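Participant: Let's see this in three dimensions:
(chains A and B)
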Amino acid sequence: AQSVTQLGSHVSVSEGALVLLRCNYSSSVPPYLFWYVQYPNQGLQLLLKYTTGATLVKGINGFEAEFKKSETSFHLTKPSAHMSDAAEYFCAVSDSGGGADGLTFGKGTHLIIQP
Amino acid sequence: AAGVIQSPRHLIKEKRETATLKCYPIPRHDTVYWYQQGPGQDPQFLISFYEKMQSDKGSIPDRFSAQQFSDYHSELNMSSLELGDSALYFCASSLRSAGNTIYFGEGSWLTVV
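Facilitator: Residues are numbered from 1 along each chain as shown, chains lettered A, B, ... in the order given. Predicted coordinates for the structure are as follows:
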């Protein structure tokens, strides 16, 4: 069984500040990890994913995440927050690259950007 | 690039009625997924199909059924609707031979009154 824990249902940062959204996972097999962003009343957009290889993954909109097996973490970061980053962010895990069993999502983190 | 298409985008039904949601996956994708996202909740996996066969089942109620057709589009049928079925229903698709990244549609809003 897999599970995802996102620390902090709400995170508030100032515009231009570092964004750090935390995600820890549990999986009985090597995980495939994903971050999705959801803007109000919209669908889920893939930000980035980790499958194998390089543990530092770069995504769209300046976001990146680092897979740390020893810490079972996949935290999402962005050096400088922009107002347009305000959205709901979901970390997700799969044991088959997003395969037949689908994704298990965390509860989500609402990112608030203060002007 | 073509994305996952869902219809209708919004649907209002009364309790005990039936609703059908349609999903058209990205062309050439062989796997379709259905997710349910309640208000303020994370998406929950319902069911998936690979090459038109049911592949895996998540937390899909017995009142719900789904299928994938020969043209790879999928339909989610929901009967005896309850107020708690009000949610955003996502369809997603992927191609197993291409890393299997899941791409989501915009979702269908179902409101049960």
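Participant: per-residue confidence for residue B:46?
Facilitator: Residue B:46 is assigned a predicted lDDT (pLDDT) of 94.
Participant: helices and strands around the helix or strand containing it, which ones?
Facilitator: Residue B:46 is part of strand B:44-50, with elements assigned from DSSP states H and E. Under the contact definition 3 or more C-beta pairs under 8 Å, 6 or more residues apart in numbering or on different chains; DSSP states H and E, strand B:44-50 sits against strand B:31-37, strand B:53-57, strand B:64-68, strand B:74-78. (C-beta placed from N, C-alpha, C; glycine too.)
Participant: what pLDDT, on average, does the third one get?
Facilitator: Spelled out, it's strand B:64-68. Averaging pLDDT along strand B:64-68 gives 96.
Participant: cool, and the second one?
Facilitator: Averaging the model's pLDDT scores along strand B:53-57 yields 89.
Participant: Can you point out the buried residues in that strand?
Facilitator: B:55, B:56 (16 or more other C-beta atoms under 10 Å in any protein chain shown).
Participant: If we ignore the residues flanking it in sequence, what's nearest the residue nearest the centre of chain B?
Facilitator: Central residue of chain B (C-alpha atoms, centre = their mean): residue B:34, 3.3 Å from the mean position. Leaving aside its sequence neighbours, residue B:34 sits nearest to residue B:46 (C-beta to C-beta, 6 or more residues apart in numbering or on different chains; 4.2 Å).
Participant: and the one you found, how many residues sit next to it?
Facilitator: For residue B:46, the count of nearby residues is 22 (other C-beta atoms under 10 Å in any protein chain shown).
Participant: just to revisit the earlier point, next one: the strand holding residue B:46 to chain centre, how far?
Facilitator: Averaging C-alpha positions (C-alpha atoms, centre = their mean, to the nearest Å) puts strand B:44-50 8 Å from its chain's average.
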